[in-house]
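Student: here is a sequence with its predicted model. Questions after.
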Amino acid sequence: MDQTPGKGRPRIGREEITAGLLWLALTATGEVVLWNAPLLPARYSDTAHISDDAFLVLTRLAIPVFAFVVSVLVVSLLRFRSRGAPKEDGEPIRGSARTIKTWLGITGGLAVLLIFYPGIYGILELQRARSAGMDTEEPLVVQVKAARWAWTVTYPDAGVTTGEELVLPVDRPVRFEVSSVDVLHSFWIPAFRAKIDAVPGLTTVTTVTPERTGSFDQDPLLRLQCAELCGLQHSQMSMPVRVVEEPAFEAWLLEQGAAGMPTCEPSGTELRIVAQNIAFDRKCLAVPPDTPFTIELVNNDAGVPHNLSIAADPEWTQVLFTGETFDGVATRTYEVSGLPAGVYRFRCDIHPIPAMSGTFVVKEAEGS
Amino acid sequence: MRAIAKGVLGAVIGYAAGFGLVAAAQLAMGNPVGGAVPVVIGSVLATVGWLLGVGMWRAWAREWVGLEPRLEVPTGPSRFFCFNTDHKVIGVQYLVTFVIVFGLAGLLAMVVRWELLTPARDLGGDAYNQVMSLHGILMVAVAVAAVLGGLGNYCVPLMIGARDMAFPRLNALSYWLIPPVAVLLLTAPFVGGWDSGWTAYPPLSVVNAGGQVLFIVAIVIFGLSSILGGLNAIATILRMRAPGMTMLRMPIFVWSVFAASIISLLFTQFFAASLILVLLDRVAGTQFFEAAGGGNPLLYQHLFWFYSHPAVYVMILPGFGITLEVLAHFSRKPLFAYRAAVAGFLGIVVLSGVVWAHHMFTSGMANFMQIPFMTLTELISIPTGLVFLSALGTIWRGRLWLRTPMLFALAVLFNFAIGGVTGIYLADVATDIHLQDTYFVVAHFHYTIVGGEIFALMAGIYYWFPKITGRMYRESLGRLHAIWMFVGFQLVFLPLFVAGIHGMNRRINEYVPALQGYNAFASVAAFALAAVFLVALGNLVWSWARGPVAGANPWRATTLEWTTSSPPPPHNFEQAPEVVGDPYPYGEPGVVHVRPATVPLISGGSE
């Protein structure tokens, strides 16, 4: 017995040196491989750089830790393995106070390092990125509304709402205001390494500055994906993201704003519209002026609430009628008093997306 | 088997009574008959009926009305199918039950991997979400109860020199609460299932199909079983130790059960409480989680993780315990830095209660909370590091006997090194914001819980198999199991880390085609991994019936359970053991754990 419990210094023998060399070799190999290997996917935003920098720092620190465990295991298996049942016992090394203190010093030091860098440093960097640009320029506000199982994005300054794709200008801070109308969802764009839950009753905010142009067609990381289980079509709750130059973005906004207001002719005062798969079957409804009429809303989406409302302006400040919201599958008939002649809009208030919006025309029927 | 039949009859009567009473009340008051309330009351009374029928009436409840309890139990194989208070019988009941549950949940995992072979959706409707949810909760149940309820029950009294657990009837109750849990979870798909995962976050869990209600009742019952089990283990370890068995002479596995039981006892109630609030939102019109009614969905997440993060230590601590136990005996060395390992366990217990919100960095909670929760979470690496110090120091300069248990124990060190290190990425806010709810998380917790605890469970099953059955398993097949499972496990879960980093989120059955490579690879590897369990099951079942007689101490191990016969007599020891020293007196001539006079003749090791 060359050691008594609680005393003595660890012996440095052949195995200790072998393990040390193996540890150095594994660590060096790991670090070199990490230097050259494309471990992380493409980055499209400032936040992506913060996240990935932290990832790489953690990996650099993880390599020697993991290499240490592997080195001890490998050398033990090679040098200390017994052929058949051991005839004798191992050395009764119980570990000295010095060993435990040294170990605590190293692991404690590592933990404290991780907490400050990349830990708290990364949190502060993210906070800085969130407020970045806000002093110098107005961020682009994008309201993101989650409803089972579709995303709707609204650009309130431009009065544009779409459920088709999320288009963003490059190099301009974007403030996402995320909300949910039903259950929890999570706003996640892998290309930005940005994620924030959509919580009913709460508007959560995250700010990102896209740094590179690109589109979902070129890189599937550029998508807005629901990352919180939300039921039946959770997997399908995804929307393409496209980052474009500022002029192209402005042009896109204009195009969306002018996107045709469909028109149609009144025929009678009993309207019927069907909501199915989070979409109305009609883009345009029409009635004669100053005449009471009815709207029969057929909601074919099981368990999903819909309604129908009519307003005079795209911001929905001058509401002319709001129908009662109800879950499918069900049918309600709304009775509406007469409206003055004009071209209005209708939508489902729960899902104010293009597929659930349209033109409401009030005018004399032709030929009357 | 008569007891089981009576239990089933009791359950049927209980369900009919519960459902009928509520339905009658509904009818009397002119309300529509049906809904969740009669099902809940029916399930609760069915559980009571089951317990009374299966033996609680005979052995226990008769006492409550002034009758003599009837404690005699059958011998032979039928002793496993009744309300038996012998901790060894209960341990085997737990082990066999959870091996079956593990198999079922494993089959569900195969369905998941089959669905994810291709980017397109194969399963229709809500089927995938239900399969994934059921896989999750069944495996959580296995992870919580297989080691603690199975090996903990079987080994702890033997290892501390006790005749039984402190509360034998409570122990039997803890076990017999499990079958209703399994029945409720497995019948949920017939009433619409539930699609909210094992986490059951509201508002989804408030508005989804009726199977969610059965899930809630099942978890509350399972929680009761865990709490009673934890209470029993703590009382046993504190009060039932043999003379001379001081706390610091206890085998390290006993310490790990003690530490995990503290968490079970203190925290399980929060999971039950959070689910009862969900149930009230569903059936009683409360609005704890309904934003429109002033509720807040984040409340649930705080309550839920206040239990469910500590719960991962309920899973892994006994896994660490088995690993250290096996490493010491199969390195033929004293456990290195024993006190540091104990301190590591207790440090983990303390920290486990103050880290829950690291699951919520992206939940919308106040940003400043990220700093304390990240800090506290990363501090857990320090006590965990002490466990690793003990493990690595124990094998170093040992005489490693590479039998099956040892192979599994060494694999735990490799797997948990990966699982632990990847945990840091999820504690770090900057990286977690991207990785949260991706396959990186899925791979991480499979590396810790499967790679750590389930590998340790396998080590424990092979290690104590000769003690439990009296027979030896076939070594070549055991080693094949260990190596195959180790390699297969790496091949399944390593690619999933990368898939997560590259944008594969959790709980989806349809994904972008760019991610197919990782998924197809993991799926094929998963099918290969699953096949090894057939080999293992064949080996263990065959050996239990026909294997060579093992003798009292085939490993020439030093702790108390090896000083008695295999399997041990009903009261464990022919003579009360007297403990005089350290549990691992290897390489120290003259030092013994148990006073030699009480040790029967030791039979030699095999091989």
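Tutor: Received, thanks.
Student: show me which residues of the stretch 151-300 of chain A are close to chain B?
Tutor: Within the stretch 151-300 of chain A, the residues that sit near chain B (CB under 8 Å from any CB of the partner chain) are A:182-184, A:186, A:188, A:190, A:193-197, A:199-202, A:204, A:220-221, A:223, A:225-232, A:234-236. Any C-beta I mention is one placed from the backbone N, CA and C, and that applies to glycine too.
Student: give me the low-pLDDT residue ranges for the stretch 201-350 of chain A?
Tutor: Low-confidence regions of the stretch 201-350 of chain A, defined by pLDDT under 70, span residues A:257-262.
Student: does B:Phe521 touch B:Phe493 like I think?
Tutor: No: using CB atoms under 8 Å, B:Phe521 is not in contact with B:Phe493; the gap is 10.9 Å.
Student: neighbour count winner among those two?
Tutor: B:Phe493 (25 against 18; other CB atoms under 10 Å in any protein chain shown).
Student: what about the closest residue to chain A within chain B, neighbour count?
Tutor: Nearest residue of chain B to chain A: B:Ala291, at 2.3 Å (CB to the nearest CB). Applying other CB under 10 Å, we find 16 residues neighbouring B:Ala291.
Student: list the contacts of it.
Tutor: A:199-202, B:203, B:297 (CB atoms under 8 Å, 6 or more residues apart in numbering or on different chains).
Student: so which of those residues comes closest to B:Arg556?
Tutor: B:Pro297 (56.7 Å; CB to CB).
Student: quick one: the closest one and B:Ala200 touch, right?
Tutor: No: using CB under 8 Å, B:Pro297 is not in contact with B:Ala200, being 11.8 Å away.
Student: how many other residues sit next to the one residue in chain A that gets nearest to chain B?
Tutor: As assessed by CB to the nearest CB, chain B sits closest to A:Gly201 within chain A, at 2.3 Å. For A:Gly201, the neighbour count with other CB under 10 Å is 17.
Student: pick out the most distant pair among the contacts of B:Ala291.
Tutor: A:Leu202 and B:Pro203 (12.1 Å).
Student: the more surrounded of those two?
Tutor: When A:Leu202 and B:Pro203 are compared for neighbours, B:Pro203 comes out ahead with 25 against 18, by other CB under 10 Å.
Student: can you tell me the closest non-neighbouring residue to the more buried one?
Tutor: A:Val183 (4.6 Å; CB to CB, 6 or more residues apart in numbering or on different chains).
Student: list the contacts for that neighbour?
Tutor: A:148, A:200, A:230-231, B:201-204, B:207 are the contacts of A:Val183 under CB under 8 Å, 6+ apart.
Student: from those residues, which is closest to B:Ile501?
Tutor: Closest to B:Ile501, out of all of the contacts of A:Val183 and judged by CB to CB, is A:Cys230, at 22.9 Å.
Student: hmm, the closest one is touching A:Trp149, no?
Tutor: Yes: the pair A:Cys230 / A:Trp149 is scored as a contact, 6.6 Å apart, by CB under 8 Å.
Student: what do the two both touch?
Tutor: A:Met237.
Student: which of the two has more neighbours?
Tutor: Between A:Cys230 and A:Trp149, counted using other CB under 10 Å, the more crowded position is A:Cys230 (28 against 20).
Student: and the stretch 401-550 of chain B, which residues reach chain A?
Tutor: B:401-402, B:410, B:413-414, B:417-418, B:421, B:424-425, B:427-431, B:433-434, B:436-438, B:501-503, B:505-515.
Student: buried ones only from those residues, please, as a ChimeraX command.
Tutor: Selection of the buried residues among those in ChimeraX, burial being defined by 16 or more other CB atoms under 10 Å in any protein chain shown:
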select /B:401,402,410,413,414,417,418,421,424,425,427,428,429,430,431,433,434,436,437,438,501,502,503,505,506,507,508,509,510,511,512,514,515
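Student: filter the residues of the stretch 401-550 of chain B next to chain A down to the ones in strands?
Tutor: In strands, judged by DSSP state E, none of these are found.
Student: just the ones of the residues of the stretch 401-550 of chain B next to chain A in helices?
Tutor: Among these, the members found in helices (DSSP state H) are B:410, B:413-414, B:417-418, B:421, B:424-425, B:427, B:429-431, B:433-434, B:501.
Student: among the residues you listed, which two are most distant?
Tutor: B:Leu410 and B:Ile433 (35.2 Å).
Student: tell me which other helices or strands the helix ranked longest in chain B touches.
Tutor: Identified as the longest helix of chain B according to DSSP H is helix B:297-331. If you count contacts as 3 or more CB pairs under 8 Å, 6 or more residues apart in numbering or on different chains; DSSP states H and E, helix B:297-331 packs onto helix B:127-145, helix B:252-283, helix B:338-352, helix B:381-395, helix B:404-427, helix B:455-469.
Student: low-scoring stretches of the stretch 1-150 of chain B, by residue?
Tutor: Ranges of the stretch 1-150 of chain B meeting pLDDT under 70: none found.
Student: which bits of it sit near chain A?
Tutor: Contacts of the stretch 1-150 of chain B with chain A, taken as CB under 8 Å from any CB, map to B:121, B:125-126, B:128-129.
Student: do that again at 7 Å, thanks
Tutor: B:121, B:126 (CB under 7 Å from any CB of the partner chain).
Student: residue ranges of the helices in the stretch 1-150 of chain B, please?
Tutor: Along the stretch 1-150 of chain B, counting by DSSP state H, counting those that start in this stretch, helices occupy B:2-28, B:36-51, B:62-64, B:87-115, B:127-145.
Student: retrieve the pLDDT associated with B:Thr598.
Tutor: Note on B:Thr598: pLDDT of 47.
Student: can you check the one 4 residues further on too?
Tutor: pLDDT, the model's per-residue confidence, is 46 for B:Ile602.
Student: and stretch B:343-351, average pLDDT?
Tutor: Stretch B:343-351 comes out at a mean pLDDT of 97.
Student: check stretch B:487-495 too.
Tutor: Mean predicted lDDT for stretch B:487-495 stands at 98.
Student: which ones among the contacts of A:Val183 are found in helices?
Tutor: B:204, B:207.
Student: out of the contacts of A:Val183, flag the one nearest to A:Ser76.
Tutor: Using CB to CB, the contacts of A:Val183 come closest to A:Ser76 at B:Tyr201, 44.1 Å.
Student: so how far does stretch A:110-121 reach from one end to the other?
Tutor: End-to-end distance for stretch A:110-121: 15 Å, by CA to CA, to the nearest Å.
Student: which stretches in the stretch 201-350 of chain A count as helices?
Tutor: Counting by DSSP H, counting those that start in this stretch, the helices of the stretch 201-350 of chain A are A:246-258.
Student: and the strands in it?
Tutor: Per DSSP state E, counting those that start in this stretch, the stretch 201-350 of chain A carries strands over the ranges A:204-208, A:214-215, A:223-226, A:238-244, A:270-275, A:284-287, A:293-299, A:305-306, A:309-311, A:319-322, A:326-327, A:330-336, A:342-347.
Student: winner for burial among those?
Tutor: Most buried of the strands of the stretch 201-350 of chain A by mean neighbour count (mean count of other CB atoms under 10 Å in any protein chain shown) is strand A:223-226; its value is a mean of 25.
Student: show residues contacting that strand.
Tutor: A:146, A:151, A:166, A:185-189, A:216, A:234, A:237-241, B:505 (CB atoms under 7 Å, 6 or more residues apart in numbering or on different chains).
Student: relative to A:Pro288, which of the residues you listed is nearest.
Tutor: For these, the nearest to A:Pro288 is A:Trp151 (37.3 Å; CB to CB).
Student: so the closest one: helix, strand or coil?
Tutor: strand (DSSP: H, G, I helix; E, B strand; the rest coil).
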